[in-house]
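>>> could you work out the structure for the sequence below:
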Amino acid sequence: MSKKKIAVLVGSLRKESVNRKLANELVKLAPESLELEIVEIGQLAHYNEDLDENPPAEWVEFREKIGAADGYLFVTPEYNRTFSGVIKNALDVASRPYGQSKWGGKPGAIVSSSVSGLGGEGANLALRQPMVFLNIYMMQQPEAYVANSWELFDEQNNLKSDDTRAFLQNWVNAFAEWVYKF
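Alright, predicted model coming up:
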């Protein structure tokens, strides 16, 4: 079985982002069958159709990485009951020009987090909506809502909770199974 390349998009740009820490943990926990790579999205200029005639270099590079991936993992915080603007911009950049989307026909999944007890449920649900149009086949179960995320990591960015680690391990294993259905 050949490894499947998974593009991981982190929806928080903060230096000490819990979402980046979660993404890094998932990279470590991923089974041998998956190669998870965090694809940076903070450098992408806001999508503007006028730029498609001569797209910025970072758009071209990003579109190539998204097109080359075998699947996608979105790790998002919840901002105002929805996902972050940088993820929306990344979705737009790689879905254009119209008719040339790099996303379609591949598996995907979402891990959301929040400092609240809801674990980013609103962001997780909202991020599923554009996936229908982008034709990304989203894993339905198990869902991953990581609550009280601010207290999960120590000063060295190590995950403190064995229960959370076990949950993430089971989740990423299920995601690997989902990816290989395609």
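>>> and the residue nearest to residue 85 when sequence neighbours are not counted, how far is that from residue 93?
Excluding its sequence neighbours, the residue lying closest to residue 85 (CB to CB, 6 or more residues apart in numbering) is residue 79, at 7.6 Å. (C-beta placed from N, C-alpha, C; glycine too.) Residue 79 sits at a distance of 19 Å from residue 93 (criterion: CB to CB, to the nearest Å).
>>> more crowded one of these two?
residue 93 (25 against 17; other CB atoms under 10 Å).
>>> now the strands for this protein?
With strands called from DSSP state E, the chain shows them at 4-10, 34-38, 71-77, 106-113, 136-138, 144-146.
>>> could you point out which of those sits nearest residue 170?
strand 144-146 (9.8 Å; CB to CB).
>>> who's in contact with that closest one?
22, 109-114, 118-121, 124, 152, 164, 167-168, 171 (CB atoms under 8 Å, 6 or more residues apart in numbering).
>>> select only the buried ones of these in ChimeraX?
A single ChimeraX command selects the buried members of the contacts of strand 144-146 (16 or more other CB atoms under 10 Å):
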select :22,109,110,111,112,113,114,118,119,120,121,124,152,164,168,171
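>>> just the contacts of strand 144-146: which are in helices?
Among those, the residues falling in helices (DSSP state H) are 22, 121, 124, 164, 167, 168, 171.
>>> just the mean pLDDT for stretch 151-168, thanks.
If you average the pLDDT over stretch 151-168, you get 94.
>>> middle-most residue in the chain, spatially?
residue 74 (1.3 Å; CA atoms, centre = their mean).
>>> show me the beta-bridge partners of that residue.
residue 9, residue 110 (DSSP bridges).
>>> any idea how far the residue of the chain most remote from its centre is from residue 89?
Ranked by distance from the centre of the chain (CA atoms, centre = their mean), the top residue is residue 53, with 27.7 Å. Computed as CB to CB, the residue 53 to residue 89 distance reads 19 Å.
>>> give the pairing partners of the lowest-mean-pLDDT helix or strand in the chain; include direction for each.
Least confident helix or strand, the chain: strand 144-146 with a mean of 94, by mean pLDDT, DSSP states H and E. Paired strands of strand 144-146, with direction, are strand 106-113 (parallel) (DSSP bridges).
>>> thinking again about what came up before, ok, the residue nearest to the centre of the chain to residue 57 distance?
24 Å.
>>> cool, and residue 73?
Residue 73 is 25 Å from residue 57, by CB to CB.
>>> in this protein, where is pLDDT below threshold?
Flagging of the chain using pLDDT under 70 yields the residue ranges 1.
>>> surely residue 42 touches residue 13?
Yes - look at residue 42 against residue 13 with CB atoms under 8 Å: they come within range, at 4.5 Å.
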